[in-house]
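Participant: With the sequence up front, the predicted model follows.
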Amino acid sequence: MRLKHLTARVFGNGGMIFAAVAPVLAVLVAFPLLFVILQAVFPDIARGIFANPFSRFVETLFDKHLFHWTLNTLMLGGSVVLVSALVAVPLGVLRGLFRIPFAGLWDVVFLVPFTIPPYIAALGWIMALQPRGYLEQITGINFGGFLFSFWGVVFVMTLNVFPVVYFAVSRMVASIGGRYLEAARVAGCPPMRSFWRITLPLTTPAIAASLLLVFAMAIEEFGTPAALAARSGFLVLVTGIEQRLSDYPIDLPGASLLSVILVLIAMVAFMVQNRIVSRRDFQTVSGKPGAMRPAELGAWRIPVVVFFAVIGFLSAAMPILSVVLTASTRTISGGLAADNFSTDNFAEIFANSGGAMEALGTSLLLGLGAALITGILGTMTAYVVVRQRTVSSRILDFLTLMPNTIPGVVVAVGLILAWNQPWLPITPYNTIGILVLAYCCLLLPYPVRYANAALRQVSVSLEDAARVAGAGGIKVFFRILMPLIFPSILAAMLLVFAVAARELVATILLAPIGTKTVALFIWRQFEQGSVGMGMAMSVMAIAITMTIPVAVAIWARKQGRLF
Amino acid sequence: MVSAENSTLQTGSPVIATGVSQRFGSNTVLKTIDLRVAPGEVVALLGPSGCGKTTLLRLLAGLSRPTTGSIHIGDQLVADARGGAFVPPERRSIGMVFQDYALWPHMTVAQNVGFPLEMQGIGRAERDSRIAEALGLVGLGHLADRQPGTLSGGQQQRVALARAIVSRPRLVLFDEPLSNLDRELRESLVVDIASLLRKLGMTAVYVTHDHGEAFAIADRVAILHSGNILQIDAPEQLVGNPSSPIVVDFLKLGLVLPAEVSNGDLVIRGGMHRLSPPAGLVNGSRTGDLFLPRSALVASGTGGGVASGNAISGTVVHSMFRGDGYAVQMRFDHDIALEMFSTTRLGEGTIHDLDISWDRAFWYPHEDVQTHPTHNS
């Protein structure tokens, strides 16, 4: 009885949930990340020894690669931000202010890059632009030199991430529209000047925040720089870390120091982003859509539509087209000849050649597992965070959202270091369980954030009303809260499923020998030259990540309400 | 709040809208309307939502174009559907106060207020003094450097008011400016706005759905209903001489009873009442609406009025204590309800007779024989 009182005092009323969730989060998130830092300081920590702190620190810190790779990472991130801004800000502003022909279509088209894993897009671009690629076969022009360069990496990565900026800017511009602009016009401000004085300043926080997100995404990306630039010796921190861990001799202290640098850069980006988003003048912009109807483009109609179409084709159609073409031709050397088209590659996948079906099954299972675990954990955490504003709830909030700033490669490094400790009685390392841990750690922020947002919409009085009507705490949770927030949690779980089922870098580093996933299968097939089969698998991966969310959404709508 | 003294402020311009209408596709929001506002006059557009009052305001502002008709502000033709002339809002020299304030969140209070002056290319020194003057007029001089988001709703709307008047516009437009504020604030701000407009001699058009607000602020009130102006008059005229049953109903002025004329008597439709108005009230029409203002109905002491056709009986639905008496909800035949004032509590469900003072009654005939209401006085 006394203990119960004590815990209630310490943890607030969500004490039970806190007590259940906190240790899980500690193991899932804090444990691996702690070891990244420990390893950077104590070179022998992998053997469980805290000796000679910092003995290798200086040596590693002055490694010439370290400086070089850090600079490359910053340059890559900066260039992707720059090119994304040049492409997506005009697109977003146009979409927000004017009546664009086929506006709805463009919004859908610009969602497509989110469903294509970046490494698959990069592979698609290789097939299209490499020497004797599809472009050369059709037009005789060869962009291979460009693609396998720094700017080639920037180009492919930009096409993958710019929609983040496009959607943020177009929504912001549209919501500013209405009254703010009308007030400016009435106050004597002509349209063009209103844009510079009202629209653009009010959109700047949205632009800056989305560009910082793009920066973080760019510096964490593994597949694109690995596929396009690693051969020419251009390495960034992520590809450098992977190299330290897979090339002999394996350099754990080096990998963890690089990881710490990468995390620091990512954290700075996220902190700045967070500050911008939570600034006052950004929030006071109410989303009240004004009565203003979008302006007409007039003579600019055609050039603007061409602009949208070109970017849409490059970002959505081109990579998929290239992947599908490669998947459905018998040999790469046969090119785009009519007699070269066949379904052989798909037949081979279904015949389980190279363990294709196993890879597919493993990925689906891993995705499902990660989705379920993060869904449950996320809901419980969000409940404590939203309903109890105590110190413990803030700790949970921090633990669940921190992986957001941690690149996948770093999570992998942490898991390797942590779960290889000699003093551990049992370890999931070298089993498929380590992949579940990795995905859960990486993707936990999504369900937490979705559940958070959903719970904030649910007024406390709805719970109070159920209490007064005679329902206990658990009944309230399942009868009142869950039905209201489940659609959001389901959406987050679908996202987790889609990302986990195709995750690349952590999988490369952590998968036990002999275990295959979709991403590994594609990556290895590409390296080993069975490009066609790799691409056939890519087609299936894209199809799954596109169709399952849509199917579930349709099902959910048919159900009307879910309980 | 009106404190600063200004002797030579320009008077607002006249506004003339002629044959103005607005259609969106097949949906006619505003039927052909004529409106004349004298220089320095304040006109309120009053009506339920969807009556077209905001549409008319946006046409005056230049935020949309009329389908037909023309609009003059001062000597300037600002919109003419036939000739295609159209002056955009930024060149109309007007001020406007929006329902949701529309203060730009990235500018301070002073920058918001100074924006119209900046657009006119007025130099910094003069701008600063006029910003101070305008903020002084609304009593917010001390808040010049604040961000609008940090102010209360009432303060924000005062800033919006300062912004609307700072450039001494020819015309100030108000789009339900007080409907986001609570009642007490609304009542004090409406007085402040009215005295400020009078003081500055500004022409203003004020849209609202609250007749208390309209009566408090306007020289004349236009009642709008489904895209038409039903009546435009001074508040006293509107109440004393409403032009149609719809106006009576909207302003809740009293009882409106649809009736048929039979042998000089009025048979209230759907009920058993038979009333005997004095000759001359009905004046030849066969059906119409009888309007009995509250002041024409007095609780009968004696009884027998119903039998002689000079009283009407109703059932008390509810009596509510109001401090100085009772607000009584009464229901008559045909589901017509009326709120009356009574000094004593009337028991629910009891039936009371109300004597009719025929000299205050109105008759609105249905036929087109007579277009004006008859009034027996």
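Facilitator: Received the coordinates, thanks.

Participant: CA only for contacts and neighbour counts going forward, please
Facilitator: Will do.

Participant: out of all of them, which helix in chain A is the longest?
Facilitator: Of all segments of type helix in chain A, defined using DSSP state H, the longest is helix A:150-186.

Participant: tell me the mean pLDDT for that helix?
Facilitator: Mean per-residue pLDDT for helix A:150-186: 88.

Participant: what residues does the helix or strand hosting residue A:123 touch?
Facilitator: Residue A:123 is located in helix A:118-129, with elements delineated by DSSP states H and E. With CA atoms under 8 Å, 6 or more residues apart in numbering or on different chains as the test, helix A:118-129 has contacts from A:133-136, A:142-144, A:147, A:156-157, A:160, A:222-224, A:227-228, A:318-323, A:326, A:538.

Participant: repeat for stretch B:335-354
Facilitator: So stretch B:335-354 is contacted by B:254-257, B:294, B:297-300, B:303, B:305-306, B:311-321, B:324-331 (CA under 8 Å, 6+ apart).

Participant: ok, 6 Å please
Facilitator: By CA atoms under 6 Å, 6 or more residues apart in numbering or on different chains, the residues outside stretch B:335-354 that reach it are B:297-300, B:311-318, B:325-331.

Participant: same thing with stretch A:67-79?
Facilitator: By CA under 6 Å, 6+ apart, stretch A:67-79 touches A:215, A:218-219, A:236-237.

Participant: what's around the residue in chain A that chain B sits nearest to, how many residues?
Facilitator: For chain A, the residue closest to chain B is residue A:188, as judged by CA to the nearest CA, at 3.6 Å. By other CA atoms under 10 Å in any protein chain shown, 26 other residues sit near residue A:188.

Participant: how about the residue lying closest to it once chain neighbours are set aside, secondary structure?
Facilitator: Spatially, and ignoring its direct neighbours in sequence, residue A:188 is nearest to residue B:90 (3.6 Å; CA to CA, 6 or more residues apart in numbering or on different chains). At residue B:90 the chain is in helix, as set by DSSP: H, G, I helix; E, B strand; the rest coil.

Participant: Pretty sure residue B:90 sits against residue A:193.
Facilitator: No - the pair residue B:90 / residue A:193 is not scored as a contact, 10.8 Å apart, by CA atoms under 6 Å.

Participant: Just want the residue of chain B that's nearest chain A.
Facilitator: Of all residues in chain B, residue B:90 sits closest to chain A, at 3.6 Å by CA to the nearest CA.

Participant: State the distance from that residue to residue B:263.
Facilitator: In this view, residue B:90 and residue B:263 are 63 Å apart by CA to CA, to the nearest Å.

Participant: low pLDDT regions in chain B?
Facilitator: B:1-10, B:270-271, B:300-305, B:307, B:334, B:367-377 (pLDDT under 70).

Participant: What parts of it come near chain A?
Facilitator: Counting by CA under 6 Å from any CA of the partner chain, chain B comes close to chain A at B:89-90, B:102, B:105-106, B:116, B:119.

Participant: Which strand residues bridge the residue most central in space within chain B?
Facilitator: Chain B has residue B:46 as the residue nearest its centroid, 3.0 Å off, counting by CA atoms, centre = their mean. Residues in a beta bridge with residue B:46, per DSSP bridges, are residue B:208, residue B:223.

Participant: residues contacting it?
Facilitator: Neighbours of residue B:46 in contact, by CA under 6 Å, 6+ apart: B:208-209, B:222-224.

Participant: mind running it again at 8 Å?
Facilitator: By CA under 8 Å, 6+ apart, the neighbours of residue B:46 are B:53, B:207-211, B:214, B:221-224.

Participant: same check, this time on residue A:194
Facilitator: A:181, A:184-185.

Participant: change it to 7 Å
Facilitator: A:181, A:184 (CA atoms under 7 Å, 6 or more residues apart in numbering or on different chains).

Participant: Secondary structure element for it, which one?
Facilitator: helix A:191-194.

Participant: Show me which helix runs longest in chain B.
Facilitator: helix B:183-200.

Participant: In that helix, which residues are buried?
Facilitator: B:186, B:189-190, B:192-194, B:196-200 (16 or more other CA atoms under 10 Å in any protein chain shown).

Participant: And stretch B:74-84, by the same measure?
Facilitator: Buried residues in stretch B:74-84, counting neighbours by 16+ other CA under 10 Å, are found at B:74, B:77-81.

Participant: so which of the residues you listed comes closest to residue B:161?
Facilitator: residue B:74 (21.9 Å; CA to CA).

Participant: Was I right to think the closest one contacts residue B:13?
Facilitator: Yes - using CA atoms under 7 Å, residue B:74 is in contact with residue B:13, at 4.8 Å.

Participant: picking up where we left off before, buried residues in the following helix or strand past the helix holding residue A:123?
Facilitator: Reading on from helix A:118-129 to the C-terminus, the next helix or strand found by DSSP H and E is helix A:134-139. Going by neighbour count (16+ other CA under 10 Å), the buried part of helix A:134-139 is A:134-137.
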